[in-house]
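Q: Here is the input, now give the coordinates:
(2 chains)
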Amino acid sequence: MQIPQATSWAALAAGILLMGCYPQTPTYIDEYDLLVTNYSPTYDFQSRSTYAIPDSVVRIDVNSDPQDPEFIGAQYGDRIINAIKRNMSVYGWTLVDETEDPDMIILPSAGSTLNLQYSWGYWGWYYPGYYPGWGWGYPGYPGYGTTVSSYRTGSVLFQMTAPKDIGPDENMPVVWLGAFNGLLEGSTNSVLGRIDSQIDQAFRQSPYLQQL
Amino acid sequence: MRSNLALSATLALLMLAQVRNAAAQQNLIMVDYSMAFPLGGLEEYIAKNTWRGFAAGYRYMADDNMAVGIDLDWHHFFERKDQASFTLETATFTGTQYRYNNNFAMTAQWDYVFNEGGDLRPYLGVGAGAMYIRRVFDVGLYRFETDDWQFVVQPEFGVSMYLSNGTALNLSANYFSGFKSKRLDGQSYASINLGLIFATD
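A: Have a look, this model is predicted:
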């Protein structure tokens, strides 16, 4: 048997194969972006038509004072809020002031904390400023806590709450949410572009929010 | 898995039983480059063909026409899905997906080789054994990994063209039919192999 010849052929074949086996991985920063939306399938979004949204985006920070939350810079915060407003308008919702008894309130937040464990009761320290005495908590839809559990880099979260549907336990139900995270890299314009595209996609994949 | 291995062992013993009265004594070692086409449950995960594969085998010529032995095959499947969505219950996820599947098959083979004494020898065979599958799903900053063993049946046909000094060119087509296991659907694919056969007494 031609062992040396066989060995040479095998080595050549192995070399070619190894050259081709380097695993393909993401090349661009936005390829690491991941968006998730979730909703309550029993909620009748068509029975609601107005919403309110704060002027600033709360900074997610485990060290912040619950009574005195910090906000992210207007450069990014305004972009997030305007993107949400634009999409809500396209879907036929009417923006009103929070003092005008809105059907829904959308609560945006953002952060860059590594390994932050998100709590569904997060808004308990924020919105009592608008409605004194209310302690808000998340009712806990099955599966939510396992699909959105941590944020490793830059993250944006926006929740649609239903203030008119507060239960006897005074928990404010979150009936829809969108969240995305990715690497906080690239130019400001690149990050702003990713904010727009991710929020647009969040609404695009949530057609149940469309007002008929 | 235990029943799969038992079935594989039984088939291997049946094959070896057929060569206990072997007349000819010849050993063949096969080394092939292999490309593959996903089918069935694998195609649902990755639809793209792969050019990344390698096959090696050993055959013992029991007589002028019958050969038994083993095959070792590796194939790496990959597909990128740009901004793709998937849904789990009421949650919808969107991101660029990187899907990988590595299949390692180890089978006992039985072949019938035609045209004894000729330079061009077609063959037809079947085999069975185990396949180890390692699946990786990357989306965003997250990675999900699954691995499992499956029972696999591998029919094949091909042709070898003998050159000189016991060396032959080999061209074959193989079909790997994996059976559903605990964590994965049946992983099936077809491959085309091109390589060399080295024969010795």
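Q: and residue 98, how many neighbours?
A: Answering for chain A, as no chain was given. Applying other C-beta atoms under 10 Å in any protein chain shown, we find 16 residues neighbouring residue A:98. Every C-beta, even on glycine, is put in place using the N, C-alpha and C of the backbone.
Q: oops, chain B please
A: 19.
Q: Check the one 5 residues further on too.
A: Counted with other C-beta under 10 Å, the neighbours of residue B:103 add up to 27.
Q: do you know how far it is from residue B:70?
A: 16 Å (C-beta to C-beta, to the nearest Å).
Q: Can you name the residue of chain B nearest to chain A?
A: Relative to chain A, the nearest point of chain B is residue B:140 (2.5 Å; C-beta to the nearest C-beta).
Q: Report the beta-bridge partners for the closest residue in space to that residue that isn't next to it in sequence.
A: With C-beta to C-beta, 6 or more residues apart in numbering or on different chains as the criterion, residue B:140 has its nearest non-adjacent residue at 2.5 Å, and that residue is residue A:34. Note on residue A:34: beta-bridge partners by DSSP bridges are residue A:181, residue B:95.
Q: What distance do you get for residue A:34 to residue B:86?
A: To residue B:86, residue A:34 is 11 Å away according to C-beta to C-beta.
Q: More neighbours: which of these two?
A: More crowded of residue A:34 and residue B:86, by other C-beta under 10 Å: residue A:34, with 20 against 13.
Q: ok, that one - contacts?
A: Shown in contact with residue A:34 (C-beta atoms under 8 Å, 6 or more residues apart in numbering or on different chains): A:180-182, B:93-95, B:139-142.
Q: how does it look with 10 Å?
A: Residue A:34 sits next to A:155, A:179-182, A:198, B:93-97, B:139-142 when contact means C-beta atoms under 10 Å, 6 or more residues apart in numbering or on different chains.
Q: Residue B:114 too?
A: The contact partners of residue B:114, by C-beta under 10 Å, 6+ apart, come to B:65, B:120-124, B:159.
Q: Quickly name whichever of the residues you listed is closest to residue B:151.
A: Among the contacts of residue B:114, residue B:124 lies closest to residue B:151 (C-beta to C-beta), at 21.7 Å.
Q: how far away is the nearest residue to residue A:60 once chain neighbours are set aside from residue B:149?
A: With C-beta to C-beta, 6+ apart as the criterion, residue A:60 has its nearest non-adjacent residue at 3.0 Å, and that residue is residue A:111. The gap separating residue A:111 from residue B:149 is 42 Å, by C-beta to C-beta.
Q: quick one: which of the contacts of residue A:34 is nearest residue B:49?
A: Checking those against residue B:49 with C-beta to C-beta, the nearest one is residue B:97 at 18.1 Å.
Q: Just give me the neighbour total for that closest one.
A: For residue B:97, the count of nearby residues is 20 (other C-beta under 10 Å).
Q: Surely it touches residue B:78?
A: No. Contact criterion C-beta atoms under 10 Å: residue B:97 and residue B:78 do not qualify, at 11.1 Å.
Q: what do these two both touch?
A: Shared contacts of residue B:97 and residue B:78 (C-beta under 10 Å, 6+ apart): none.
Q: Show me where chain B has its strands.
A: Per DSSP state E, chain B carries strands over the ranges B:26-39, B:53-61, B:66-88, B:91-113, B:120-139, B:142-153, B:156-162, B:167-178, B:187-200.
Q: Residue A:51 is nearest to which of those strands?
A: Here strand B:91-113 is closest among those (C-beta to C-beta), at 20.9 Å.
Q: Check the offset of that closest one from the chain's centre.
A: Remark: strand B:91-113 is offset 10 Å from the chain centroid, using C-alpha atoms, centre = their mean, to the nearest Å.
Q: which parts of it are buried?
A: B:91-103, B:105-111, B:113 (16 or more other C-beta atoms under 10 Å in any protein chain shown).
Q: close enough to count as contact, residue B:66 and residue B:112?
A: Yes. Residue B:66 is within contact range of residue B:112, at 6.2 Å (criterion: C-beta under 10 Å).
Q: Overlap in contacts, the two.
A: Listed as contacting both residue B:66 and residue B:112 by C-beta under 10 Å, 6+ apart are residue B:125.
Q: ok, residue A:111 and residue B:149, which is more surrounded?
A: Set residue A:111 next to residue B:149 and count neighbours by other C-beta under 10 Å: residue A:111 wins out with 23 against 18.
Q: is that one in a bridge, and if so with what?
A: residue A:155.
Q: how about stretch A:47-56: buried residues?
A: A:48, A:51-54, A:56.
Q: for stretch B:183-199, same thing?
A: Residues of stretch B:183-199 classed as buried by neighbour count (16+ other C-beta under 10 Å): B:184, B:186-189, B:191-193, B:195-199.
Q: ok, now stretch B:109-128?
A: Buried residues in stretch B:109-128, defined by neighbour count with 16+ other C-beta under 10 Å: B:109-111, B:113, B:121, B:123, B:125-128.
Q: and the two most separated of those?
A: Within these, two members stand farthest from each other by C-beta to C-beta: B:121 and B:128, at 23.2 Å.
Q: Wait, a strand at residue A:78?
A: No. Per DSSP: H, G, I helix; E, B strand; the rest coil, residue A:78 lies outside any strand segment and is helix.
Q: from memory it sits against residue A:54, does it?
A: No. The criterion here is C-beta under 10 Å, and residue A:78 misses it with residue A:54 at 11.7 Å.
Q: For chain A, which residue gets nearest to chain B?
A: Closest residue of chain A to chain B, C-beta to the nearest C-beta: residue A:34 (2.5 Å).
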